[in-house]
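*Asks:* Model the following, please.
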Amino acid sequence: SGTGTCGTVGTPIELVHFDNSNGVVLSSPIYTKNLSLLSGSATLASNLTVNGVLTLTSGLLNLGSNTLTLGSAATIGGTPSSTNMIVATGSGEVRKVFTGTGSFTFPVGDNTGTAEYSPVTLNFTSGSFSSAYAGVKLTNAKHSLNTSSTSYLRRNWTVSQSGISGFSCNANFVYADRDIAGTETSLTLGQHNGVQWIVVGTVNAGTNTLSATGLSSFSDFTGGEAGALPVQLASFVGSYVGNGAKLEWSTISEINNYGFNVQRKNGYEYVTIGFVAGKGTTLEPQNYSFADENVSGNVEYRLEQIDNNGLKNYFGPIMLNPNSVDDNFAPAVFALNQNYPNPFNASTKISFSLANSGYTTL
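*Replies:* The predicted model follows:
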């Protein structure tokens, strides 16, 4: 006897432990056609694959450190909610096998304090799929890298994929009212690319949903203030022009951008030699330039980007070599720039610069 009950189960599957506090523990291979959670709670003791119907009637299916894989034909039965859902707050994740384009809703949530249902829907509109899956897990807390101070979510999601290339995906992230700190309408959807946050979507306060269109990569997602997400730089290059140096840079998007301090290295320190105003908040590409007069020899520059709230980010450095340029203003540095647009569908542009002409491999 125990607090959890498993309903109709395919073959093979093994119930190895009943516990009055934690419910049924599922373990071994495992591979099953159908799995029904009728009441109580169940915890995976090893990885599990379901290729038929996962029915969530009443109860929580806790993953812990294990992975639940739903096959390409697997579906979700029942009506997922905060009382019947998959708890994916550990290192394990829910994976769905994809053989092509299509949509799937991951019925995930947390059971930290108060159980909260916060599903994720992924809709692949294009891409190449080979032994492919997408995975989702979540954390019921403010993201550790989210610098939003007033309006943010006390929740973040991690989305992963394997075997899917050149894809475009629309995504919806549903949060609970308890997750909201500050003003809900001030939230924006941010994706952390491993270096910085990128604004990728908007909020619908009426449905408690953060949405993105045309994602081409996955990582961590959460809601926060647009002003806490820094500038996304596309390129930063320089060249000698006459007796001076010309610096050029471009941005893919800007959030709360006050401007750029242009800094030149003097000995072991960088000294600000000029300022170029930013464009505030814009999702359109912007181009900037700065002329540094009467310089010679090898010179090193960087950009100090400043937000309206005082936060600073640094780009560069780049070094200019006067011996590598000609009268056609060839760039004085090697540079491989961020592709644009990104995310993109069908086509994108990748620009690069060379200090000398010649055969090039990207």
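*Asks:* For N123, which residues count as its bridge partners?
*Replies:* Using DSSP bridges, the beta-bridge partners of N123 come out as S103, N170.
*Asks:* gap between it and T101?
*Replies:* Separation of N123 from T101 (CB to CB, to the nearest Å): 8 Å. Where C-beta positions appear, they are placed from N, C-alpha and C, glycine not excepted.
*Asks:* Any buried residues in the strand ranked longest in the chain, and which?
*Replies:* Within the chain, and with DSSP state E defining each element, the longest strand by residue count is strand 244-266. Within strand 244-266, the residues scored as buried using 16 or more other CB atoms under 10 Å are 245-247, 249-265.
*Asks:* That one: how far from the chain's middle?
*Replies:* 25 Å (CA atoms, centre = their mean, to the nearest Å).
*Asks:* again, but for stretch 78-89
*Replies:* Computed by CA atoms, centre = their mean, the chain-centroid distance of stretch 78-89 equals 23 Å.
*Asks:* Can you give the contact residues for it?
*Replies:* Contacts to stretch 78-89, defined as CB atoms under 8 Å, 6 or more residues apart in numbering, come from residues 37, 55-63, 68, 94, 106-112, 115-117, 119, 136-140.
*Asks:* Which SSE is immediately downstream of the longest strand of the chain?
*Replies:* For strand 244-266, the following helix or strand on the C-terminal side (DSSP states H and E) is strand 269-282.
*Asks:* Run through the neighbouring helices and strands of that next one.
*Replies:* Applying 3 or more CB pairs under 8 Å, 6 or more residues apart in numbering; DSSP states H and E, one finds that strand 269-282 makes contact with strand 244-266, strand 286-292, strand 299-307.
*Asks:* Now, of the contacts of stretch 78-89, which are buried?
*Replies:* By neighbour count, with 16+ other CB under 10 Å, the contacts of stretch 78-89 hold 37, 55-57, 59-63, 68, 94, 106-110, 115-117, 119, 136-140 as buried.
*Asks:* Can you list the neighbours in contact with stretch 263-278?
*Replies:* Judged by CB under 8 Å, 6+ apart, the contacts made with stretch 263-278 from elsewhere in the structure are 231, 254, 257-262, 286, 288-290, 292, 295, 299-306, 317.
*Asks:* so how far is E184 from R178?
*Replies:* Following CB to CB, the distance that separates R178 from E184 is 12 Å.
*Asks:* buried residues in stretch 210-227?
*Replies:* Neighbour-count burial for stretch 210-227, counted by 16+ other CB under 10 Å, picks out 210-212, 214-216, 218, 220-227.
*Asks:* try stretch 176-183
*Replies:* Within stretch 176-183, the residues that qualify as buried by neighbour count (16+ other CB under 10 Å) are 176, 179-181.
*Asks:* now swap in stretch 118-132 and tell me
*Replies:* Under the neighbour-count rule (16+ other CB under 10 Å), stretch 118-132 has 118-124, 127, 129, 132 buried.
*Asks:* quick one: which of those residues sit in strands?
*Replies:* Short answer: the buried residues of stretch 118-132 in strands (DSSP E) are 120-124, 127, 129, 132.
*Asks:* quick one, helices of this structure?
*Replies:* In chain order, the chain shows no helices, with DSSP state H as the criterion.
*Asks:* my guess is N66 meets A45, correct?
*Replies:* Yes - with the criterion set as CB atoms under 8 Å, N66 and A45 qualify as a contacting pair; they are 7.1 Å apart.
*Asks:* residues touching G194, list them.
*Replies:* Taking CB under 8 Å, 6+ apart as the criterion, G194 is in contact with S219.
*Asks:* Which helix or strand in the protein has the lowest average pLDDT?
*Replies:* When each helix and strand of the chain is scored by mean pLDDT, DSSP states H and E, strand 14-17 comes last, with a mean of 37.
*Asks:* show me what contacts L68?
*Replies:* Contact analysis of L68 by CB under 8 Å, 6+ apart lists 44, 47-50, 61, 86, 88, 92-95.
*Asks:* go with 7 Å
*Replies:* Contact criterion CB atoms under 7 Å, 6 or more residues apart in numbering gives 44, 48, 86, 94 as the residues in contact with L68.
*Asks:* tell me, how many neighbours does the closest residue to S65 other than its chain neighbours end up with?
*Replies:* Closest residue to S65 apart from its sequence neighbours, by CB to CB, 6 or more residues apart in numbering: S91 at 4.6 Å. Counted with other CB atoms under 10 Å, the burial measure for S91 works out to 11 neighbours.
*Asks:* And the pLDDT at S91?
*Replies:* Residue-level confidence at S91 comes out at 94, pLDDT.
*Asks:* ok, now V195?
*Replies:* 63.
*Asks:* Low-confidence stretches in the stretch 201-350 of the chain?
*Replies:* For the stretch 201-350 of the chain, applying pLDDT under 70 flags the ranges 227-232, 322-335, 337-338.
*Asks:* if we can go back for a sec, minimum distance to L336: which of the helices and strands packed on strand 269-282 has it?
*Replies:* Smallest distance to L336 across the helices and strands packed on strand 269-282 (CB to CB): 14.0 Å, for strand 244-266.
*Asks:* Name the strands paired with the closest one and say parallel or antiparallel.
*Replies:* Sheet neighbours of strand 244-266, with direction, are listed as strand 232-241 (antiparallel), strand 269-282 (antiparallel), strand 286-292 (antiparallel), strand 299-307 (antiparallel) (DSSP bridges).
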